[in-house]
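> Provided below are the primary sequence and the corresponding predicted coordinates.
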Amino acid sequence: MKTEGKKNIHLTFFVIAMACAFDTSCVAAMVALNQNVQEEFNISYTKATWGLTSYAITFAGFIAFFGRLGDIAGNHYLFSISTLFFSICSLLCATVPNFEAFSVFRALQGIAGAGIVPSSYALIPTLFDDSEVAAKFLSVLSIVFAAFFGIGFILGGAFAMSSDGYRGLFYLVFAVLLLIFISSYWLILPLGKHLASEDNDNDDEVNDWTEKMRLIKLLDYPGSFFFIAGSIFIVVGLTEGGESWKKPVAYVCFVVGIVLLGIFFTYNIFFSKFLVALEWAHLNRMYHYMSTRQILIPQQVMCLPNFWPAMITCFLNYCCFLSNFYIINQYSLFEENNSPIIASIKLLPVVIALVLSNCVSLFIPNTLGPKNGIIVGFVFMFASSIILIQIKELQTELFWKLFFVTGLIGGFGSGLYFPYMLRITVGEAPLEYKGITSGVMQTFGQFGSEVTFSVLASILGELTGSKADIKTRFQNTSYFSLASSVSGLLISVVFLREHKVTVHDLKSQDSDESGSGHSLSGTDHIEDIEKGESKV
């Protein structure tokens, strides 16, 4: 892509980063504001958590689908529409008079967030010609996510102590996201014209949009339904399981979700063999229909060298990091009786370490390499989990003796993981599949967060009883963090591979050769490579 003609690149990146920042901070702030929501609507604490869960359900369910939709229709369109929708939902969350309506609009806000995140990751490579520069800005975006995740907790604690409460947060998010949407008209939407002119010398926008609509109609909606429904069922099951796994709604939803996702991935993996079987059976009409479908996760994505191990380690990274985060926050709130703002401030070491570790991949990107960076990240998380296990043995000054060190080490490890994970997934994915690659990783990260909250809530239960009993339960939760870090470390060492040449690299090379006057078209060669990858 030609950089000339694209104006205000850094301002455009700032707009993208701020959309991600306020999406993330809104999620984190609502954790600190859960008690405020409970009091405002006069409901139980368990019911109030649906203000968090309703967002998580739709976010996890739709993020991969929107990642694919953005790749087809244009991530610039998806970003702009999603920011407007997020802004409107924020205003409605601030003004609705009952909790049921509040939960519905939080769910709709989760759908909008599922559009913002993958489109943001996918837009970064379109801003820069140099892949190394794009990788650095992906690291910067990781820093933004890390910083505003912590800022969100502090922001939520501050609003919890104000007269406006949760409403003040949503009014703020409404105003900021509305400004971002307005800015996107001049900064984000023009990116689509540059992408179109790159593929079409005549810059025929009408024909380009017609082709996009045709591809959207050809998207594999039955397969997408299995993925979305499976994701939603899993999150609902885990959420209900956090309260009690004896309830049918918990284990039935969880099992149904696992089955649906199993069907989806089996269908995607063996899609080409399924087409061969249809052709062999002379089911011509069905064969023609299925052969034209745009499947949700193409084989070019699933055949990326690190797709499967990265997906699993992303899940485990969320489990380890959020369990440490949750333990520190909940212990401060319920055992030490700190105010929400003080409990949030105690998380600052985690946030500072997240930012610092992301800076490592930004300023010295080639020192470790992606695989080694991920391994070192899990080593740090393993060390933090070992330290956190001592929670039962200490009686006083837990913050300085335990939480401060755990937060620094664990936050540094988790923050080191993310930019390197993005390099071996989103960075290595073909340009037309970056949105779906990001979406799948975020989906499994969301699964990790839901598993964490479900397991920890099940272990902790109602925080009543003797001080020794409560400390024992907190120590038991730290074993989950330890198991997650060890599993992630082993998978990273055994299964992750270093960078290899991708189809996208070959396409870029062929494009350069054709632009230099070579008469040989690379299309057939690329298709052969793609077919070869699909056999892996």
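Thanks, I have the structure now.
> tell me the first helix or strand C-terminal of the helix or strand hosting F418.
If you go by DSSP states H and E, F418 is part of helix 404-424. Using DSSP H and E, the helix or strand that follows helix 404-424 in sequence is helix 434-460.
> just the buried residues of that next one, please?
434-460 (16 or more other Cβ atoms under 10 Å). The way it works is simple: take the backbone N, C-alpha and C, and place the C-beta from them, glycine included.
> with stretch 485-492 instead?
Buried-residue list, stretch 485-492, by 16+ other Cβ under 10 Å: S485, V486, S487, G488, L489, I491, S492.
> ditto for stretch 290-305
Buried residues in stretch 290-305 (16+ other Cβ under 10 Å): 290, 294-305.
> so who does the residue most central in space within the chain touch?
Central residue of the chain (Cα atoms, centre = their mean): Q442, 2.6 Å from the mean position. Each residue near Q442 by Cβ atoms under 8 Å, 6 or more residues apart in numbering is listed here: I63, A64, G67, V117, P118.
> which parts of the stretch 101-250 of the chain are helices?
131-160, 166-187, 190-199, 205-217, 221-243, 248-269 (DSSP state H, counting those that start in this stretch).
> just checking, F13 touches I124?
Yes. Between F13 and I124 there is a contact under Cβ atoms under 8 Å: 7.2 Å.
> okay, now the unreliable bits of this protein?
Residue ranges of the chain with pLDDT under 70: 1-7, 192-208, 365, 463, 499-536.
> what residues does stretch 281-290 touch?
Under Cβ under 8 Å, 6+ apart, the answer for stretch 281-290 is F274, L275, L278, E279.
> and the helices of the stretch 101-250 of the chain: which comes nearest L422?
helix 131-160 (5.1 Å; Cβ to Cβ).
> buried residues, that closest one. List them.
Per 16+ other Cβ under 10 Å, helix 131-160 contains these buried residues: 134-160.
> from G413, how far out is F495?
Distance, F495 to G413, by Cβ to Cβ, to the nearest Å: 19 Å.
> then L177?
Taking Cβ to Cβ, one finds L177 at 32 Å from G413.
> A158 now?
28 Å.
> which one of the helices of the stretch 101-250 of the chain lies nearest to Y55?
Once the helices of the stretch 101-250 of the chain are compared by Cβ to Cβ, helix 221-243 is nearest, at 10.3 Å.
> what's around I341, how many residues?
18 (other Cβ atoms under 10 Å).
> that one is in what secondary structure piece?
helix 340-345.
> nearest to I375, out of the helices of the stretch 101-250 of the chain?
helix 131-160 (17.6 Å).
> just to revisit the earlier point, in helices, which of the buried residues of stretch 485-492 fall?
Judged by DSSP state H, the subset of these located in helices is S485, V486, S487, G488, L489, I491, S492.
> from A175, how far out is the closest residue to the fifth one other than its chain neighbours?
Distance criterion Cβ to Cβ, 6 or more residues apart in numbering; nearest residue to L489, sequence neighbours excluded, is F378 at 4.0 Å. Counting by Cβ to Cβ, the gap between F378 and A175 amounts to 39 Å.
> so between those two, which is more surrounded?
F378 (27 against 14).
> so the more buried one is in which element?
helix 370-388.
> could I get the buried residue list for that helix?
Within helix 370-388, judged by 16+ other Cβ under 10 Å, the buried ones are 370-371, 373-385, 387-388.
> the nearest residue to S80 once chain neighbours are set aside: what's it in contact with?
Counting by Cβ to Cβ, 6+ apart, S80 lies nearest to S184, which is 4.3 Å off, once chain neighbours are set aside. The contact partners of S184, by Cβ under 8 Å, 6+ apart, come to V15, H76, F79, S80, T83.
> how about these in TSV, adding neighbour count?
Putting these into TSV (neighbours: other Cβ atoms under 10 Å) gives the following:
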residue	neighbour count
V15	22
H76	23
F79	28
S80	24
T83	31
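> could you count how many residues lie near L11?
Neighbours around L11, by other Cβ under 10 Å: 12.
> who's in contact with it?
Neighbours of L11 in contact, by Cβ under 8 Å, 6+ apart: L187.
> do E40 as well
G165, Y166.
> quick revisit: make TSV out of the ones in helices among the buried residues of stretch 485-492 and add distance to N268.
Rendered in TSV, the data for those read as follows (distance: Cβ to Cβ, whole Å):
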residue	distance to N268
S485	30
V486	30
S487	25
G488	24
L489	28
I491	21
S492	24
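> looking at the residues you listed, which is nearest Y331?
Closest to Y331, out of all of these and judged by Cβ to Cβ, is S485, at 19.1 Å.
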